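> I would like to see how this sequence folds:
(chains A and B)
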Amino acid sequence: MAVTHDDVRHVAELARLAVDDDRLDHLVSELNGILVHMDALAQVDTKEVEHAVFAPVDSTPVRADSGSPLKMLNPLSSFAPSVKDGFILVHRLASHEDSADRAP
Amino acid sequence: MTPADFTSLSAVALSARVGSGEIAPADAVQASFDRAATAGAGRESLNMILWSDHELAIRDAHSLAEGMAAAGRGGLLAGVPIAVKDNIATLGLPTTCASKILAGYVSPYEATAIVRLREQGAIVVAKTNMDEFAMGSSTENSAYGPARNPHDIRRVTGGSSGGSAAAVAAGVVPLALGSETGGSVRQPAAFCGIVGVKPTYGRVSRHGLVAFASSLDQIGPMARNVEDVALAMEIMSGLDAFDSTSSSREVGGYRDQFMSLATSPAPLEGMTIGVPEEFFPENLDDSIRRLCERSIDALKSLGAKVIDVKLPHTSLAIPVYYIIAPAEASSNLARFDGVRYGFRTDMAASLRELYSITRSEGFGPEVTRRILLGTYVLSAGYYDAYYKKAQAVRALITRDFGSVFGDGVDALFTPTTPTTAFPIGGITDPYEMYLSDIFTVTANLAGVPAMSLPIGRAAGLPVGGQIIAPHFGEAAMFRVAYALESALGTEAHQ
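Down below sits the predicted model:
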């Protein structure tokens, strides 16, 4: 499966990267040079582990939404537009514009 | 304390002398800055340190001294200056991942690993150079230029934690932190002649480590001897509410276990150590092979039973890694868009352009390459052939380790790298560079712990030997490493 110029343009668009046309040839060549080594995987029989996903050895429990706040370099108020009860206040989204309770 | 005293002291020894009042914390910090100056740690020479703040470090040292006076004791790392890779969040110093896109960024919070080290008296004196966003094996991919190996300044330090490895090797600090995704602690440790650890996935909290590939990343310690890295692991390890992948398993008293065997003539009696044939290919450098054979002989003389084993999917590890890691990176690095962090272009006419121009100007060539590669293997039409297939082969690689360890093998011994440190600019093909991780990357894919320690020199350059253990088998890993380090003695650096 060789990568084409259009593939790189498409992937760059998805990745929000601006790629100049004069770099395209180089990137296409580099990506193909890397991906050719990945073709070895196609030869491996993976039927037994088809649906395997990596998971840590232990479970990943969800922590309680509590506890002491993180120690911060500066107080929240020094870099947040406005703070109330330990939360950062931001402008409401347009979709919430029917709410009478407007933030600053 | 003379400069020679400082550079010869381990973290454990320095902490003991600070704790006893023989050395003031501020003097230890000053000695570290003095050594950095004489070793040429800055941008103009070895380029191992990106950020440091002498005034802040001395202030931290005085605060520590006051705390020690009030408590009547110091911590396990009292007054020990540490260097920290630039992708681990610290209060007071920038955290830029050696990337232009995070230029000037100072984290508002600190990594759990750093918090725990500070609680034991460690003092952060420097943030170290690295491959941008930890993507590289030589520390040449830094926005601030390559770090240089203290053993030969024409050669690389290895990477991506090259600055931390060089800082330890040059005697600037006795202890440093790096991070691992595919060998980024062990490979530079081998190239610089020091000890480096990749913990079991989940053993050390990733909270505050800038994410590269979240299913692979781990913070790991680097030092000049096994005891110091074991101590750092005892302090940093354990459950952290801020990382749901951190483990609640009890943290072993690693040092007590191997110290209790220190006087035994056969400290590895009862242990079986496997030597996987896939890590000793025919084209392995002869000098590295000979040094590994010397270490294997030493392991036998220490009482271990050494057997040949097979890890049959090892040759597939590089293709698997360079699909999975870029895929995860393409997602993790989406957050760097010029809106929330660091650098923002002033060339954009629209929001879309703000994202794309900022990212293109802010990321270096290797990061851009990996984001494109990762996005490609996750995109419609290619996901099954690349990403899904790589995950399945990763399961086979993990199963290989499970089979060997399940058959009674306590640890594996291999070379850490296929070569010694190569010349700066010596490798230009991306895939050839990726191959320098060939002996380290399987441990990351399987999530098992591994470490590198010096086992000798080849043409004057350090060579590392690798010990790999089962999941949460750090105690066995350190037992083997400590015994081997003791048996090799000064030969480890000859």
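> tell me which residues of the longest helix anywhere in chain A come out buried.
Looking across chain A with DSSP state H, the single longest helix is helix A:21-38. Neighbour-count burial for helix A:21-38, counted by 16 or more other Cβ atoms under 10 Å in any protein chain shown, picks out A:23-24, A:27-28, A:30-31, A:34-35, A:38. Glycine gets a C-beta too; all of them are placed from N, C-alpha and C.
> again with stretch B:155-162
B:155-162.
> CA-only coordinates of it in PDB, if you can.
As requested, the backbone C-alpha atoms of stretch B:155-162 are provided in PDB (Å, rounded to 0.1, in the frame of the first residue of the first chain):
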ATOM      1  CA  ARG B 155      28.800  11.500  19.500                       C
ATOM      2  CA  VAL B 156      25.100  11.400  20.500                       C
ATOM      3  CA  THR B 157      23.900  10.900  24.000                       C
ATOM      4  CA  GLY B 158      21.200   8.600  22.800                       C
ATOM      5  CA  GLY B 159      17.700   9.500  23.400                       C
ATOM      6  CA  SER B 160      15.200  10.700  24.000                       C
ATOM      7  CA  SER B 161      16.300  11.300  27.600                       C
ATOM      8  CA  GLY B 162      19.800  12.200  26.400                       C
END
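> quick one: that stretch to chain centroid distance?
Here the centre of stretch B:155-162 is set off from its chain's centre by 10 Å, with Cα atoms, centre = their mean, to the nearest Å.
> and if you look at stretch A:32-50?
Using Cα atoms, centre = their mean, the offset of stretch A:32-50 from its chain centre is 25 Å.
> what do you get for stretch B:351-360?
The answer for stretch B:351-360 is 32 Å, by Cα atoms, centre = their mean.
> mean confidence score for that stretch?
Mean per-residue pLDDT for stretch B:351-360: 93.
> does chain B sit close to the longest helix of chain A?
Yes. Using Cβ under 8 Å from any Cβ of the partner chain, a contact is recorded between helix A:21-38 and chain B, made by A:27, A:30-31, A:33-35, A:37-38.
> who are the packing partners of that helix?
helix A:5-14, helix B:317-332, helix B:365-378, helix B:430-434 (3 or more Cβ pairs under 8 Å, 6 or more residues apart in numbering or on different chains; DSSP states H and E).
> would you format those helices as a markdown table with distance to B:Ile101, mean pLDDT and mean neighbour count included?
Shown next, in a markdown table, are the helices and strands packed on helix A:21-38 (distance: least, Cβ to Cβ, whole Å; pLDDT from 0 to 100; neighbours: other Cβ atoms under 10 Å in any protein chain shown):
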| stretch | distance to B:Ile101 | mean pLDDT | mean neighbour count |
| --- | --- | --- | --- |
| helix A:5-14 | 16 | 96 | 17 |
| helix B:317-332 | 13 | 97 | 24 |
| helix B:365-378 | 8 | 97 | 24 |
| helix B:430-434 | 20 | 91 | 17 |
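> and these as JSON lines, adding distance to B:Tyr355?
JSON lines is the format used below for the helices and strands packed on helix A:21-38 (distance: least, Cβ to Cβ, whole Å):
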{"stretch": "helix A:5-14", "distance to B:Tyr355": "11"}
{"stretch": "helix B:317-332", "distance to B:Tyr355": "14"}
{"stretch": "helix B:365-378", "distance to B:Tyr355": "13"}
{"stretch": "helix B:430-434", "distance to B:Tyr355": "25"}
